[in-house]
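Asks: my questions are about this predicted structure, shown below with the sequence.
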Amino acid sequence: MTVRVRVVILGCTGSIGRQALDVASRHADRIEVVGLAAHTSAEQVVEQAHAFNVQRIVLSDSDAAGRARDLGGDRLMVGSGPEAVAELAELPEAEVVLNALVGAAGLRATLTALAAGKTLALANKESLVAGGELVTALATESNLVPVDSEHSAIYQCLVGEERADVERIWLTASGGPFRGRSAADMANVTVEEALAHPTWNMGPKISIDSATLANKGLEVIEAHHLFGVDYDRIRVLVHPQSIVHSMVEFADASVKAHLGTTDMRIPIQYAFSRPRRWDAPVAALDFAQVARLDFGDPDVDAFPALSLAFAAGKAGGTMPAVMNAANEVAVAAFLSRRAGFADIPRTIESVMAAHDAEPLGSLEQVEAADTWARARAEEVLSSR
Ligand SMILES: NC(=O)c1ccc[n+]([C@@H]2O[C@H](COP(=O)([O-])OP(=O)(O)OC[C@H]3O[C@@H](n4cnc5c(N)ncnc54)[C@H](OP(=O)(O)O)[C@@H]3O)[C@@H](O)[C@H]2O)c1
């Protein structure tokens, strides 16, 4: 008889969360969902809880939690507030926690899950960016499994390899919807244009991050922490087809690449199935139909957010948390049409320039840097 792995899904109503539930329904004999959390989408979480027979849910927004209590009936236990989200991450009956929250708000749950001895399937890259050293202090190669497609690819390329033999990581990037355009050319792009990602269908924040290449910058910092590779040995490579999900180069100049269909359910599923592999949710690639694979350097003049993230990572300490928070504020302002596309890197740069990085010691310190950076970013945006 197959033993079912018991899973908590944080961010269950988002792009990753819903795809994770799709994986769980395809593999109901292998996955049991035991907890669900989201922010305000009470109705959807209650519906998911009923569909997957889940008894514990959390809404971080208290009004939404009230609505969920009214809708859920007596058998559904409904927690409320960010503390309850973190408590769900240490639910005794769960073995795996999928953190698919968006933003640095996910850091507390990441640390809680690892400290409680759970296996953490991590989509929430911002928690590694903001609190990298704190996360890696609790992580091992087996309890932290990346869900981001590039990092899942690298993780899989490293199976059976010695980390000391890794020479370089080649992190691929689609280039986003504005690949090939100059900064001047992008000055007046609309939210709709920026959200229209050419190869991946994702939540709004990561879609804008992909358009500015801030997402690739966050992923560089994520890769540095996950795989212990210096920034000078991480190369970003624009690959518009998104078929090569990333590559690892070794000391003997051999390169291993991970290729596949662009469907996030594949890396999500691998985080649950590893080291085994389960039936695919989509057709595999037909290489006879893949006409070509293109690669090139990113245009760092047109997409300064990438260089800013490299600089934040190299500065270390509190700087990546500051870079990330400034980006979150600027992206929210762009999405609500309070700022233009070029204001995003401009805000990040200005906030980083005003910050002196300190070595990272605690979650409270990350939260203080994050709060400071958010306030500063709002000032920068309102003084445009
Ligand atoms: N989407 C992708 O294909 C993809 C690929 C690689 C990595 N990632 C990463 O995965 C993470 C999730 O991305 P996504 O695209 O799935 O985001 P999304 O579609 O915006 O979903 C975010 C989820 O988090 C919940 N949430 C947001 N803020 C919260 C808070 N403060 N407390 C509790 N729950 C909160 C949302 O709940 P409500 O619905 O109630 O607001 C929703 O369930 C991000 O870190 C992203 O970078 C995503």
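Replies: Structure received.
Asks: give me the nearest residue to the closest residue to the ligand within the stretch 1-150 of the chain, chain neighbours excluded.
Replies: Of all residues in the stretch 1-150 of the chain, residue 14 sits closest to the ligand, at 1.9 Å by Cβ to the nearest ligand atom. Every C-beta, even on glycine, is put in place using the N, C-alpha and C of the backbone. Once flanking residues are discounted, residue 14 sits nearest to residue 203: 5.2 Å by Cβ to Cβ, 6 or more residues apart in numbering.
Asks: just checking, that neighbour touches residue 13?
Replies: No: using Cβ atoms under 8 Å, residue 203 makes no contact with residue 13, being 10.0 Å away.
Asks: the two - which one has more neighbours?
Replies: Counted by other Cβ atoms under 10 Å, residue 203 and residue 13 do not tie: residue 13 has more neighbours, with 22 against 17.
Asks: ok, that one to residue 202 distance?
Replies: With distances taken as Cβ to Cβ, to the nearest Å, residue 13 is found 14 Å from residue 202.
Asks: same question, residue 62
Replies: 28 Å.
Asks: try residue 372
Replies: For residue 372, the distance to residue 202 - Cβ to Cβ - is 29 Å.
Asks: show me what from the stretch 51-200 of the chain comes close to the ligand.
Replies: 60, 85, 100-102, 105, 123-126, 148, 200 (Cβ under 6 Å from any ligand atom).
Asks: could I get these as TSV with neighbour count and pLDDT?
Replies: Formatted as TSV, those follow (neighbours: other Cβ atoms under 10 Å; pLDDT from 0 to 100):
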residue	neighbour count	pLDDT
60	21	98
85	27	98
100	28	98
101	29	98
102	21	97
105	19	94
123	31	98
124	28	98
125	28	97
126	29	96
148	26	97
200	17	79
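Asks: residue 339 - nearest residue in space that isn't next to it in sequence?
Replies: Nearest to residue 339 is residue 333, by Cβ to Cβ, 6+ apart, at 3.8 Å.
Asks: the strand or helix carrying residue 120 pairs with which strands?
Replies: Per DSSP states H and E: residue 120 is located in strand 119-122. Sheet pairing of strand 119-122 (DSSP bridges) gives strand 96-99 (parallel), strand 144-146 (parallel).
Asks: and for the shortest one, what's in contact with it?
Replies: So the one you mean is strand 144-146. Contacts to strand 144-146, defined as Cβ atoms under 8 Å, 6 or more residues apart in numbering, come from residues 114, 119-122, 135, 152, 154-155, 222, 226, 267, 270-271, 274.
Asks: at 6 Å what do you get?
Replies: 120-122, 152, 155, 226, 271 (Cβ atoms under 6 Å, 6 or more residues apart in numbering).
Asks: can whatever helix or strand residue 272 lives in be found next to the ligand?
Replies: Assigned by DSSP H and E, residue 272 belongs to helix 265-273. No: applying Cβ under 6 Å from any ligand atom, one finds helix 265-273 out of contact with the ligand, separated by at least 8.0 Å.
Asks: how much distance is there from that helix to the middle of the chain?
Replies: 14 Å (Cα atoms, centre = their mean, to the nearest Å).
Asks: at the contact with the ligand, which residues of the stretch 201-350 of the chain appear?
Replies: 202-206, 264.
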